[in-house]
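Enquirer: mind looking at a prediction? Sequence and model below.
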Amino acid sequence: MQLTAKILKKPITSALISVVFGFLVAAVVLSAAGYNPWQAFGALFSGMFAKPKYFSNVIIKATPIILTGLSVAFAFKTSLFNIGAEGQYIFAAMVVTLLGMKLNMPAVLQIPVLVLAGVAAGGIWGGIVGILKAKYGIHEVITSIMLNWIALYLSNYVVNLQAFHQPNSTGTYPINTSGYVMLLPTWKYSDSGKAFLKRIPWLKEVMLKTDVNFGILVAVLMAVLMWFVLYRTTKGFEMRAVGLNRDAAEFVGINVNRSLLESMVISGALSGLAAAMSVMGMAPHNISTLAAFENNGFNGLSVAFIAGGSPVGCIFAGLLFGGFLYGGKNVQSEIGAPSEIIDIMIGTIVFFVALSTVISKIADRLAKGDASHA
Amino acid sequence: MLETITLLISITFMYSAPLIFGALGGVTSERAGVVNIGIEGMMNIGAFVGTAVCFYSGNPWLGFLMAGLAGGLLALLHAVASVTFKADQTISGIALNLIGPGFSLFLCRMFFDGATMSKPIANKLPKIFGNIKTGSTAVKNLNLDITAVLAAALAVILWFVLYKTKWGLRVRAVGEHPAAADSLGISVTKIRYTCVLLSGIFAGFGGGCMTLDIIPQYTPTAISGQGFIALAAVIFGKWTPYGAYGACILFGFAQALTVVLGGGKFAIPSEILAMLPYILTIIVLILFVGRAVAPKEDGIPYEKGTR
């Protein structure tokens, strides 16, 4: 019993149980609508794994939402609700695109400059929220929501400026190729590259048909770094202390306002990094007019919550989410069921994650029952 | 000039109506101590169900009613999670924001031949004075949508209920200090359930306003952020019905300004104008509103026996 209780208490258990419920609810909805759930799930998984390039695309799709997930999770540790990851992402994508287009330095300079620009842009956009919160006490949720829209319209404005707008399109010019962060972007199309890839079919498919890039490595690195900062440094300890009990933190001499501001800047920077990796790592390497939000930041909220705020958990939750988003299209094309079933499924998973407090209570009861019997 | 002024007024009330319903929903639930971030999702399902019912029945009022019911149904999930299971209310709300639009679009594809857009409805919700044909444009502009009146009425009713009735006092007590309320024999569970359900119904009405009145059909972007703006209005208005109402009107007015100013008379790009309402909101917050204090136990599940 103690063991069961222990297993139940692990965050991963509640995440897995939630995923099972997600599939169950989706199956019920699909059946009610007259579709065969097995076929639908089959289509979903074949859309994720059937071909090497599918799986590669799942990872590519997951990269930005792992990073925005980390962004949301980081702010949440300081008890800040960063619903503004979306705007931070949009603003950073805009800055990276403009710089990447106008600057043309060797890759060794271009890449770090663009990454830093994205990080800084996201940090600034998040920092505005932090300043308004620390200085004027304005709720971060309001400012974040407003800044999301401001970023969206600012980006649309910039896209349509003559200096950046690519004629006969809805977007800007792409960034210069020196800013690309795909794996060997020129070699893979060269003669020697093609000759080499010919011998390994799966690698050829992955390399030539998808934008394999370094983003996922960056995302994993960031997850580890974030864990280190939060749990092994004084700064991280202060931020978590502010998150757990603001008054107590203030009482022991932690500068609460500075912690809030720093947390928002770092959170924004992570969303900015997500944007930089997307623009630099995958086609079309530009930004377009946005009719509505693209949800890179909003999906980060779901990722962070499915992960229970754990940095490493964000990697897996992001992969799961990326897989569903990418594979979900296959559900529509193969069996004709609305692909929105994926949204319902993800929503259900998040819903059950919210309910997971129940699981730890059951675990407590199990452990207690055990103790009283012994 | 007079025409421009009345146009401003009419657009202000038109844009703010859905926001007001959403924000009043937020006020209702948060005053009882349940954070409702899922307003967006509830508005979305309301918007779809309202249009679908109106399209197939031809009756916009039936659609409006069903929109509220649909929002309430989604809110029931939130109530079960946050009251009965004491779940994290923020996460549950985020989940509803995924489930709501997901179901709307799923159903839309089922009912409208696989399209994510409904067909336009034949009968919209009426205007206050019906279809007046005569009179100047300036006067016609003042023939507001009936939803604007309903929204204002709901704000007054909610204010009255919250501040002038016994039940309202109980709601506020549950939001501020559930343990004290509980010790006086008030059922925290019952009050919170009622308020969350009401908040969903109001939000559903808000969604209905959008698709039964402003744009007479459901599209995937019919509800794009109104629920979040409503959420901001709740905080902006310091969790009071009149505050939230004022915040929504201010926001609607800023929207109206952008529409009127965007009429080509000024050399301001439309995208910059579109930012105006959002920038204005932040400025107003910095200058006038200051620190927002939520109901004390907002967002915290109540465990019997805790203090």
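Expert: Here it is on my side, so go on.
Enquirer: let me know the secondary structure of the residue nearest to A:Phe305 when sequence neighbours are not counted.
Expert: The shortest distance from A:Phe305 to any non-neighbouring residue, by C-beta to C-beta, 6 or more residues apart in numbering or on different chains, is to B:Ile91 (4.7 Å). From N, CA and C alone the C-beta is placed, and that goes for glycine too. Classification of B:Ile91 by DSSP: H, G, I helix; E, B strand; the rest coil places it in helix.
Enquirer: so who does B:Ile91 touch?
Expert: For B:Ile91, the contact set (C-beta atoms under 8 Å, 6 or more residues apart in numbering or on different chains) comprises A:305, A:350-351, A:353-354.
Enquirer: in the stretch 151-300 of chain B, where is pLDDT below threshold?
Expert: Scanning the stretch 151-300 of chain B with the threshold set as pLDDT under 70 gives B:263-267, B:288-292.
Enquirer: how about the lengthiest helix in chain A, does it reach chain B?
Expert: Assignment by DSSP state H gives helix A:107-136 as the longest helix of chain A. Yes - with C-beta under 8 Å from any C-beta of the partner chain as the criterion, chain B is reached by helix A:107-136 at A:132, A:136.
Enquirer: I'd like the contacts of B:Ile91 laid out as a markdown table, including secondary structure.
Expert: Shown next, in a markdown table, are the contacts of B:Ile91 (three-state DSSP):
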| residue | secondary structure |
| --- | --- |
| A:Phe305 | helix |
| A:Val350 | helix |
| A:Phe351 | helix |
| A:Val353 | helix |
| A:Ala354 | helix |
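Enquirer: need the residues you listed in TSV (columns: pLDDT).
Expert: Below are these laid out as TSV (pLDDT from 0 to 100):
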residue	pLDDT
A:Phe305	90
A:Val350	91
A:Phe351	93
A:Val353	89
A:Ala354	88
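Enquirer: widest-spaced pair of those residues?
Expert: The span of the contacts of B:Ile91, defined through C-beta to C-beta, is set by A:Phe305 and A:Phe351 at 10.0 Å.
Enquirer: is A:Tyr89 within a helix or a strand, and which one?
Expert: Assessed by DSSP states H and E, A:Tyr89 sits inside helix A:85-102.
Enquirer: is that helix anywhere near chain B?
Expert: No - residues of helix A:85-102 are not located near chain B by C-beta under 8 Å from any C-beta, the shortest gap being 10.0 Å.
Enquirer: what is the orientation angle of that helix with helix A:107-136?
Expert: Taking axes from the mean of the first three to the mean of the last three C-alpha atoms, to 10 degrees, one finds that helix A:85-102 is oriented at 140 degrees with respect to helix A:107-136.
Enquirer: tell me which residues of helix A:85-102 are tucked away?
Expert: Neighbour-count burial for helix A:85-102, with 16 or more other C-beta atoms under 10 Å in any protein chain shown as criterion, is recorded at A:85-101.
Enquirer: show me what it is packed up against.
Expert: If contacts are counted by 3 or more C-beta pairs under 8 Å, 6 or more residues apart in numbering or on different chains; DSSP states H and E, helix A:85-102 sits against helix A:52-77, helix A:107-136, helix A:140-159, helix A:256-281, helix A:296-306.
Enquirer: ok, residues contacting the helix or strand where A:Val28 lies?
Expert: A:Val28 is part of helix A:11-32 when elements are defined by DSSP H and E. Applying C-beta under 8 Å, 6+ apart, the external contacts of helix A:11-32 come out as A:7-8, A:36-37, A:40-41, A:306-308, A:310, A:313, A:317, A:320, A:337, A:341, A:344-346, A:348-353, A:355-356, A:359-360, B:106.
Enquirer: kindly report the residues of the stretch 251-374 of chain A close to chain B.
Expert: So the stretch 251-374 of chain A meets chain B at A:291-293, A:298, A:301-302, A:305, A:338, A:340-344, A:346-351, A:353-358 (C-beta under 8 Å from any C-beta).
Enquirer: quick one, which of those are buried?
Expert: Neighbour-count burial (16+ other C-beta under 10 Å) applied to these gives A:293, A:298, A:301-302, A:305, A:338, A:340-344, A:346-351, A:353-358.
Enquirer: show me where pLDDT drops low in the stretch 51-200 of chain A?
Expert: Using pLDDT under 70, nothing in the stretch 51-200 of chain A is flagged.
Enquirer: for stretch A:340-349, what is the average pLDDT?
Expert: Mean per-residue pLDDT for stretch A:340-349: 92.
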